[in-house]
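Engineer: sharing a model that was predicted from the sequence below.
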Amino acid sequence: MSFAIRKSGDVCVVDVEGQLIVGNRQELKQKVLDELERGERRFLVDFSQTGYIDSSGLGVLVSLSKKIRESGGELRLASLNDDLKTLFELTKLDTLFQIAHSRESGLSSF
Amino acid sequence: MPPFSDPRLPHGHGGFPIEVSIPSDVRFIEGVVGLVTRQCVERHLSPTDCNLTVPVALTEALSNAILYGNARDSSKSVTLRATLNERDLVLEVVDEGTGFDMDACTIDPTSPDNLDREDGRGLYLMRALMDRVERYTDGGNVVRLTLHRRLTLHRK
């Protein structure tokens, strides 16, 4: 499991490789907050290489989204598979986040 | 630290029933969940059960046991017992805590007041994903998750 952050134009793209769960959520949080501190404001989290997400992982996305919004930025999501979509629908977080079907459409949505 | 670097986790496990104990450290969760889900794949549980239902519900139960049941006390351990028969997958997570009132601790994270909370989705997800979630005391605090096996069509 790892988190890679790459710039694409003025968007920070975060790839979640493996699981996003209680054991590694702090690592993701810190990496994104470091970028926010450096002045980045647009974030796209790409889940195309993600296995599963637990409640802590969902919680860290909610918390990051709030912090980024408070700084005048936005966090959007992309490339959820059907099982991950189910998870967001069950928790109604699909109503809280803007979710793109692909990385490309997510990038062009900003 | 990779979860499977710990010798207390079995390697090359032969299948259900599974019984494994881990220290109260969330870094061990992924290894235990991987052990169970690999067996679920081998026993042909549905892809959604293998990729979503089982790993998410089991991760929630284990993390609750470590963080709340054992309060991250490294001298305490969490035990998982997993069995599978023709009808059900049963996962029992045992911690050394005093137990909790499941109904009182479950909030509705989908209500407008709770939607942007960082916490509070664990028990809700377990109950939404599994067919039955029970808690009882039996030499420790036990959370039992039951999933009925779905019929799957095998196409040639």
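Structural biologist: Nice, thanks for sending it over. Numbering: from 1, shown residues only, chains lettered A, B, ... in the order given.

Engineer: before we move on, what SS does B:D113 have?
Structural biologist: At B:D113 the chain is in coil, as set by DSSP: H, G, I helix; E, B strand; the rest coil.

Engineer: could I get the pLDDT score of it?
Structural biologist: Per-residue confidence (pLDDT) for B:D113: 95.

Engineer: same check, this time on the one 5 residues further on
Structural biologist: B:E118 carries a pLDDT score of 94 in this model.

Engineer: so it versus chain A, what's the distance?
Structural biologist: As judged by C-beta to the nearest C-beta, to the nearest Å, B:E118 and chain A stand 4 Å apart. Glycine gets a C-beta too; all of them are placed from N, C-alpha and C.

Engineer: surely that residue forms part of a strand?
Structural biologist: No - B:E118: not assigned to a strand; according to three-state DSSP it is coil.

Engineer: so it makes contact with A:V62?
Structural biologist: Yes - when contacts are counted by C-beta atoms under 8 Å, B:E118 is listed as touching A:V62 (5.6 Å).

Engineer: tell me which of those two has more neighbours.
Structural biologist: Taking other C-beta atoms under 10 Å in any protein chain shown, B:E118 and A:V62 do not tie; A:V62 has more neighbours (22 against 16).

Engineer: got a list of what that one touches?
Structural biologist: A:93, A:96, B:116-118 (C-beta atoms under 8 Å, 6 or more residues apart in numbering or on different chains).

Engineer: now do the SS call for it.
Structural biologist: Going by three-state DSSP: A:V62 is helix.

Engineer: B:R43: neighbouring residues, count only.
Structural biologist: 13.

Engineer: the one 3 residues further on too?
Structural biologist: The burial count assigned to B:S46 is 16, neighbours taken as other C-beta under 10 Å.

Engineer: phi first, then psi, for it.
Structural biologist: phi -60, psi 150 (degrees, to the nearest 10).

Engineer: pull the contacting residues for the residue lying closest to A:S63 once chain neighbours are set aside.
Structural biologist: Take A:S63 and drop its neighbours on the chain: the residue closest to it by C-beta to C-beta, 6 or more residues apart in numbering or on different chains is B:E118, 4.4 Å away. Applying C-beta under 8 Å, 6+ apart to B:E118 gives the contacts A:59-60, A:62-63.
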